[in-house]
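>>> here is the input, now give the coordinates:
(chains A and B, ligands or ions: 1)
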Amino acid sequence: MIEIRLFATFRENRKKIDYIDSNQVEKALDIVNYYGIDPEDVAICLINGFHSKLTDSIKDGDVVALFPPVGGG
Amino acid sequence: MKTSYNGKVARINLTTREVKVEALDMDLATKFVGGRGLGTAMLYNEGIATVEPLSEANKLIYATGPLTGTASPTAGRYMVVTKSPLTGMIASSNSGGIWGAKLKYAGWDALIVEGKASSPVYINIEDEKIEILPADQYAGMLSETVDEELKKVHEKCSVLNIGPAGEHQSLLAAIMNDKDRAAGRSGVGAVMGSKNLKAITVTASRNVIEPHDADKLREAMTDCLAKIKANGVTSGGLPTYGTAVLVNIINNTGSFPTRNWQESYFDKADDTSGETLVEKHLVKNSYCHRCPIGCGRVVNLNGKVVGGPEYEPLWAYGGNCGVNDLNAIDEANFWCNEYGLDAISTPCTIAAAMELYQRGYIKEEECDGVPLVWGSAEAIVTWTKWMGEGKNALAKLMADGSYRLCEHYGHPEYSMSVKKQEMPAYDARGIQGIGITYATSNRGGCHVRGYLISPEILGLPEQLDRTTVEGKAKWAMIFQDLTAVIDSLGLCLFSSFALGAPEYAALLNAGTGTNYTAEELLVLGERIYNIERLFNKAAGMKPEDDRLPKRLIEEPITDGPSKGMTSQIQVTLPQYYEARGWVEAFPTPETLTRLGLEEKY
Ligand code: SF4
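So this is what the prediction gives:
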């Protein structure tokens, strides 16, 4: 299983946390597409807490967190 | 020459009750810009570095920037500059709202307040008129009440004031303005309290500052506004979720200090996140003067509409105290505003007290029936009020910050502070660059003196690897220098998510008639950073004051995504000094000469 965590506007009309069978996806990009998120809108993609590219591959047990552009201080 | 400076400073002596109008020293303004830079240079030149911070000899400078009050985006800010009673070094605390712009509209670039009144007073400014009036009837009043009462007397004024915490000279006391905006850090409110100065009201008949070149300013502004609008952070993330949106991001990188930095991942963080705040409590956004971003939160607190918490208090009362009750955090934050307490250092001190309690150093009988246990919503609300009131012996100790508290119990190592000021909401073990900012910040533990979270976490202006140290020293220096300029211009740091040195140079040049390039602007920032360092040196700072708490170096993060990491500050600090042209924490004569500061050596 892959754990997907969605934040900020990505949560609108979607779950906050979801799970996908790891056989269904190879890369973070597959997840983004699965949820109908425009890849251009993804500002931060964390795989297991580390910044990653959407083209990075994912494996069973990974946690993928997706954020649109956000900031603060 | 027409310029966006007023060219006028008021020197107000509370001992002699004398008010003197002085011309702004334009050479000094050209060298140090305004706000933070100019205020520090003035304070240094007045010989304040060596005085006792809470004595009559200390001075308070309220300084606007050359762009404060102009049509530039976020141009509503001012800086309080003084010698900090918390750190014993330079304090420069920034605030928004509209008070700073009103001071500028009233015709002043800065106020220098000196001496000490024999009984509580406030200063009333109506354009060129400045008077010192009795404030006995406002003594002990909470912040919002003072604001409302003074507005009954001076109908159209904007109010800056201290709450009871400042009157008690709590070293965590903030200066509040426009009800819930705060110059929060380094105990500046205690200095006001030590002078018996409760408030400063300002009324101005103007509402605009004419720049040197109106066409050029319009052009620069149009460019800046377009960039702010096109930027996902300043047009989307910040207005929608406020700074609080960081709760989930930082937590998901495992760099969210939890239970006084014993851990760095809080499993209940989402309960206190920006997303949850919007869903459950948000009434509307609030905007500082001339701000197109509007990151401020207005929340519903048990039926009362009040200023809401930013990221820092959400973290400090939340994960750092192990609390996931959002309503309690809203309330504790509200009491910080009402008593006039720093909403970072206050909850961080409660977190340190919770660790002392956990380890058995603070005893239950000292807690007046509200034990300092992790996760207690009652504790964060009650102890905040008690610190604001100075209610019991322990609350009085806590009101002077975590360092003095932990030292009192014989364990200063549990104070998560730098230069005795509490560090904010990013674990420097999981995010290497921000540790350089913390260690070398001239005002002690602070994130907004070189916000490396921007490149290390948010990917702005480019994504850096948060776990590595390469190149971070140089990044820290550039961020520190650019921030020093923004703080001196009178603009909000958050504009820098969308704008950079070229845009700020264009605004400044249009405002004052200068001709700075982006590179020259950074040199101004470097000069400001160095004069602050010289102030600290004169104040008795030692090289070992540029240090992080032992925990960050010796105790690896215990769990979560950044498990096993420690700060590599021992690697980055020498690189940083080299980049700055400093030896053992202080500028060399060559560096000072290069920056035109040779006469200060
Ligand atoms: S971005 Fe936020 S803090 Fe900055 S000026 Fe705007 S409302 Fe104030």
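>>> now the residue nearest in space to the middle of chain A: how far from A:Y34?
Nearest to the geometric centre of chain A sits A:L66, at 4.0 Å (C-alpha atoms, centre = their mean). Going from A:L66 to A:Y34 by C-beta to C-beta, to the nearest Å gives 11 Å. In short, each C-beta sits where N, CA and C put it, glycine included.
>>> one more: B:A71?
For B:A71, the distance to A:Y34 - C-beta to C-beta - is 46 Å.
>>> packing partners of the one helix or strand the residue nearest to the centre of chain A maps to?
Taking DSSP states H and E as the criterion, A:L66 maps to strand A:63-67. Where contact means 3 or more C-beta pairs under 8 Å, 6 or more residues apart in numbering or on different chains; DSSP states H and E, strand A:63-67 is packed against strand A:2-6, helix A:28-34, strand A:44-47, helix B:246-252.
>>> and the next helix or strand past the shortest one?
Translated: strand A:44-47. Heading C-terminal from strand A:44-47, the first helix or strand you meet, by DSSP H and E, is strand A:50-51.
>>> would you mind naming what in the stretch 351-500 of chain B lies close to chain A?
Residues of the stretch 351-500 of chain B lying close to chain A (C-beta under 8 Å from any C-beta of the partner chain) are B:447-448, B:451, B:453-454, B:457-460, B:463, B:465-467, B:493-494, B:497.
>>> now list the buried members of those residues.
With burial judged by 16 or more other C-beta atoms under 10 Å in any protein chain shown, the buried subset of those is B:447-448, B:451, B:453-454, B:457-458, B:460, B:466-467, B:493-494, B:497.
>>> surely B:A173 touches B:G166?
Yes. At 4.0 Å, B:A173 and B:G166 qualify as touching, with contact defined as C-beta atoms under 8 Å.
>>> shared neighbours, these two?
By C-beta atoms under 8 Å, 6 or more residues apart in numbering or on different chains, B:A173 and B:G166 have these common neighbours: B:189-190, B:192-193, B:340.
>>> and the residues you listed as CSV, adding distance to B:P502 and pLDDT?
Listed next are these as CSV, based on distance: C-beta to C-beta, whole Å; pLDDT from 0 to 100:
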residue, distance to B:P502, pLDDT
B:G189, 37, 98
B:A190, 39, 98
B:M192, 38, 98
B:G193, 42, 98
B:G340, 38, 98
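>>> any residue of the lowest-mean-pLDDT helix or strand in chain B touching chain A?
The helix or strand of chain B with the poorest confidence is helix B:232; it has a mean of 88 (mean pLDDT, DSSP states H and E). Yes. Helix B:232 reaches chain A (C-beta under 8 Å from any C-beta) through B:G232.
>>> which residues are contacting that helix?
A:43, A:68-70.
>>> who wins for most neighbours among the shared contacts of B:A173 and B:G166?
B:G189 (34 neighbours; other C-beta atoms under 10 Å in any protein chain shown).
>>> quick one: contacts for B:T558?
Going by C-beta under 8 Å, 6+ apart, B:T558 touches B:262-264.
>>> just to revisit the earlier point, between strand A:2-6 and the strand holding A:L66, find me the angle.
20 degrees (axes from the mean of the first three to the mean of the last three C-alpha atoms, to 10 degrees).
>>> which of the residues of the stretch 351-500 of chain B next to chain A fall within helices?
Counting by DSSP state H, the part of those found in helices is B:I453.
>>> circling back to that earlier point, and the buried ones among the residues of the stretch 351-500 of chain B next to chain A near the ligand, which?
B:F494 (C-beta under 6 Å from any ligand atom).
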